[in-house]
Every structure is written in C-alpha cells, then in structure tokens.
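Enquirer: The following block contains a protein sequence and its predicted model.
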Amino acid sequence: MRAFNFSPGPAVLPLEVLEQAQGELLDWHGSGMSVMEISHRSKAFEQVAAEAEADLRELLSIPGNYKVLFLQGGASAQFSLVPMNLAGARATADYLNTGHWSQKAIAEAGRYCRIHVAGDAGGNYTRVPAQSELRCSEDAAYVHYTPNETISGVEFGYVPETGSIPLVADMSSSILSRPVDVSKFGLIYAGAQKNIGPSGLVVAIVRDDLIGRARPETPQVFNYQSIADHQSMLNTPPTFAWYMAGLVFKWLKKAGGLAAMGERNHTKARTLYAAIDASRLYKNPIAVDSRSWMNVTFILNKPELDAEFLADAAAAGLHGLKGHRVLGGMRASIYNAMPLAGVEALIEFMLDFERRHA
Ligand SMILES: Cc1ncc(COP(=O)(O)O)c(C=O)c1O
C-alpha cells in the first residue's frame, strides 16, 4: 500500500507518473533501453527535453522573452549563482528576510556583493512583510525573496512590487502550486524535489535582458548565458530527473493546469488549517494571511506527546510529519501530488489522537 507522504522534499510524486516511469523503465518507447541509459545528445532525449520545456512554458504561460534553464547544484547553488550572474562586485542586492531559506540566500550572496535587507518580518518570522513595509534601494541589482518559507510555513499572498528593479524568487516550495504572472519576475528558480520531480534538477526561468551579465570568473556550467546558449546541455544534465519533470508537467496539464491545481491546493490547505484552528491540542502560529498552502506547520500543546503522535501517525500510514529540527513541532507538506484524501486521512488521525489524549 502507498503511504501518504507529507515529507517537505524530496516529496510525494503523482502515482500515475511513478507508474508510467515504472512501465517505461526497461524499454523506453521501444528502444530496448531505459531513458536513463541513452545519450543526452540523442534525438530521442532532445525531444524529451524540448517537450518538458514546452509543457512548462504552457503551464506557467511563460512569455517568449524568458529562457527556461534546467540546472544542477540544488536551489542552494543559486544562492551564489544569482549574485554571480546578476550583480557586479560593487553592486548592492536587496533581500527580503522571511526566515530560514531567505537567511541562507542572504548569507551566501553576502560573499559576492553588498546586501541591503529591504524587508524583514522579524520576531519569530510568523508573517511576511506587507508591501508598504518594503524599503528597496534605488540602485539594487535585484530584489530577492522566498515566496514560500518551507520550514516555518510562511507564504507571500502577493508578488512584491519592485518597479524597474528585477524581482528574483526562490520558488522551490511553491512553483506550480497556483497560477503566477511570470512577467512580474526577472528570475524564478526552484529545486525540483517538491513540485517538479526528483532531486538533482533545478529549473530557472530568466528574462532575456538578465542573461549575459555574469562576472568573468563565473564557471561556464553556472553561467546563465552559456547554459542558455547550449539549451542546458553544456555538460551532461540530470536526464532522468528531467524526464520525470516532463511526466509531472503532463500530469499537471491533464489535471487542468495551474488554475485547477491552485483551487485544489487552496481547498487542502483551508481544510487542514480549519481543523487545526478548531482543535484544542494543535496550534498553528502563522498569521492567517501569511499561511502557506504547501507546508502546514503545527505544534502540540502537549509537546511530550510529539513522539507518540509521530509513531501513531506512521502506524496509520502517514509519514514525514516531523517538523524541521530548528523549529520542532509538526509539518504537513501538502504539495501538488498530495491528494485531498491524504489531507482528510491526516485530519481524521489528528482528531482521533486528540480524542484519545483529551
Ligand atoms: C525554499 C527553499 N529554498 C532552497 C532550498 C534548498 O534546496 P536544495 O536542497 O535543492 O539546495 C530548499 C530546500 O528545502 C527550500 O525549501
């Protein structure tokens, strides 16, 4: 039996996608080989790659003046590669600080350029700053933010307005979860292992005018210009992850695209937060308008029950609920591939656990 997997990433993948990959594993499209075993320079793989890009463009309505790059190094590599590609050595880059992943991005970028924190939610990072609280520099090379903080479960309900300064977003844990207007961004990047496919792949969507600005010392394999010039095949890409991402994009299209996915995700999140808010054992500390649709965090009012909660949940087929070590508590990551039935099963378990420990 398949578990309900609430892991923050690598995370649940759609069952249909896994079944298709399983069916094709030994003999991909009559080739007598796995897609993992063929050259990335073959016509057959070129088609896999091109189709994945075309489907992603369609899903996100990516305008023609943006390149889609398929990269390696995890989202963390982008923490350095964004300043290396977009900011000169004496430039200032603006960052919004909303918690753990923003802070990682800030720390890394600080090794390459001057950092101005243009917005800081502060406190325990249980909300995002409002647009009126942002103080962007006039001459910033870009403004970077983390639309969804995976660890605390804090999400922007709006896209920050930055005028003519390019907006850069680490969308690792929210990409493809609902429609987004790509034209508002200079650069979007996302590690694949939550809403796109297996780990090992990073997708970046870059506006043309931001390509070609890399510092001379930027490694070729991390230079957006050379990657774009070589259709993301300057060296051997993570071909299996790219293929899997393509299957996920087709699954998303079949499921009705991002508008349908957004409604589905909103329902899942609303249902789970409502159950938490109505309970006397569980509590979510995030400001209501900053609550993540993807990572729902909650604490037990009796933390001495944490271990028992997790053990009983696992016995009931509900996995990956342990909160991040820096925050403790629980976290249910309910990415695109988590069905509503999984959320309902979790709620049923939580209510039963609460009744048993009243
Ligand atoms: C928002 C966000 N950014 C960056 C990362 C780091 O990703 P990676 O492990 O691919 O470097 C994560 C990982 O969970 C994340 O959630």
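Expert: Okay, I see it.
Enquirer: Provide a list of residues in contact with residue 101.
Expert: 146, 149-151, 170, 172 (C-beta atoms under 8 Å, 6 or more residues apart in numbering). All C-beta atoms are positioned from the backbone trio N, CA, C, and that covers glycine.
Enquirer: same deal with residue 295?
Expert: 8, 148-153, 173, 331-334.
Enquirer: The ligand next: which of these are close?
Expert: Contacts with the ligand are made by 150, 173 out of the contacts of residue 295, judged by C-beta under 6 Å from any ligand atom.
Enquirer: got the contacts of residue 295 as CSV, with pLDDT columns?
Expert: Output for the contacts of residue 295, formatted as CSV (pLDDT from 0 to 100):
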residue, pLDDT
8, 97
148, 98
149, 98
150, 98
151, 96
152, 96
153, 97
173, 98
331, 98
332, 98
333, 98
334, 98
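Enquirer: Pick the one among the contacts of residue 295 closest to residue 134.
Expert: Closest approach to residue 134 among the contacts of residue 295 (C-beta to C-beta): residue 149, at 16.5 Å.
Enquirer: Let me know whether the closest one touches residue 104 as I believe.
Expert: No: taking contacts as C-beta atoms under 8 Å, residue 149 lies outside contact range of residue 104: 10.7 Å.
Enquirer: Near residue 113, how many other residues are there?
Expert: Residue 113: 22 surrounding residues under other C-beta atoms under 10 Å.
Enquirer: which one of residue 149 and residue 104 has more residues nearby?
Expert: residue 149 (28 against 15).
Enquirer: Next up, the contacts around residue 154.
Expert: Residues near residue 154 by C-beta under 8 Å, 6+ apart: 98-99, 121, 125-128, 148, 286, 290-292.
Enquirer: Residue 34 too?
Expert: Under the criterion of C-beta under 8 Å, 6+ apart, the neighbours of residue 34 are 24-28.
Enquirer: Which residue, other than its chain neighbours, is closest to whatever residue of the chain ends up closest to the ligand?
Expert: Residue nearest to the ligand within the chain (C-beta to the nearest ligand atom): residue 74, separated by 2.7 Å. For residue 74, ignoring the flanking residues on the chain, the nearest one in space by C-beta to C-beta, 6 or more residues apart in numbering is residue 191 at 5.4 Å.
Enquirer: beta partners for the one you found?
Expert: residue 202 (DSSP bridges).
Enquirer: That one against residue 71, yeah?
Expert: No: counting by C-beta under 8 Å, residue 191 does not reach residue 71; the two are 9.7 Å apart.
Enquirer: Those two: which has the busier surroundings?
Expert: Shown here are residue 191 and residue 71; by other C-beta under 10 Å, residue 191 has more neighbours (27 against 23).
Enquirer: if I look at that one, how far off is residue 327?
Expert: Residue 191 sits 20 Å away from residue 327, going by C-beta to C-beta, to the nearest Å.
Enquirer: can you pull the contacts of residue 347?
Expert: Going by C-beta under 8 Å, 6+ apart, the list of residues near residue 347 reads 271-272, 275.
Enquirer: And the pLDDT at it?
Expert: Looking at residue 347, its pLDDT stands at 98.
Enquirer: Same question for residue 327.
Expert: Looking at residue 327, its pLDDT is 84.
Enquirer: Burial check on it, number of neighbours?
Expert: 18.
Enquirer: before we move on, the earlier item: can you add secondary structure and distance to residue 252 and give the contacts of residue 34 back as CSV?
Expert: Output for the contacts of residue 34, formatted as CSV (DSSP: H, G, I helix; E, B strand; the rest coil; distance: C-beta to C-beta, whole Å):
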residue, secondary structure, distance to residue 252
24, helix, 19
25, coil, 22
26, coil, 26
27, coil, 26
28, helix, 21
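Enquirer: If you rank those by neighbours, which is first?
Expert: residue 28 (20 neighbours).
Enquirer: ok, for that residue, nearest residue in space, not its chain neighbours?
Expert: residue 35 (4.3 Å).
Enquirer: now swap in residue 170 and tell me
Expert: Going by C-beta to C-beta, 6+ apart, residue 170 has residue 146 as its nearest residue, at 4.8 Å.
Enquirer: How about the contacts made by that neighbour?
Expert: Shown in contact with residue 146 (C-beta under 8 Å, 6+ apart): 96, 98-99, 101-102, 105, 169-170.
Enquirer: Could you report the distance from the residue nearest to residue 7 when sequence neighbours are not counted to residue 218?
Expert: With C-beta to C-beta, 6+ apart as the criterion, residue 7 has its nearest non-adjacent residue at 3.2 Å, and that residue is residue 320. As judged by C-beta to C-beta, residue 320 and residue 218 stand 36 Å apart.
Enquirer: And residue 129, by the same measure?
Expert: From residue 129 to residue 218 the distance is 31 Å (C-beta to C-beta).
Enquirer: ditto for residue 322
Expert: 38 Å.
Enquirer: ok, now residue 8?
Expert: In terms of C-beta to C-beta, residue 8 sits 30 Å off from residue 218.
Enquirer: Neighbour count for those two, which is higher?
Expert: Under the neighbour definition other C-beta under 10 Å, residue 8 and residue 218 were set side by side, and residue 8 has more, 21 against 18.
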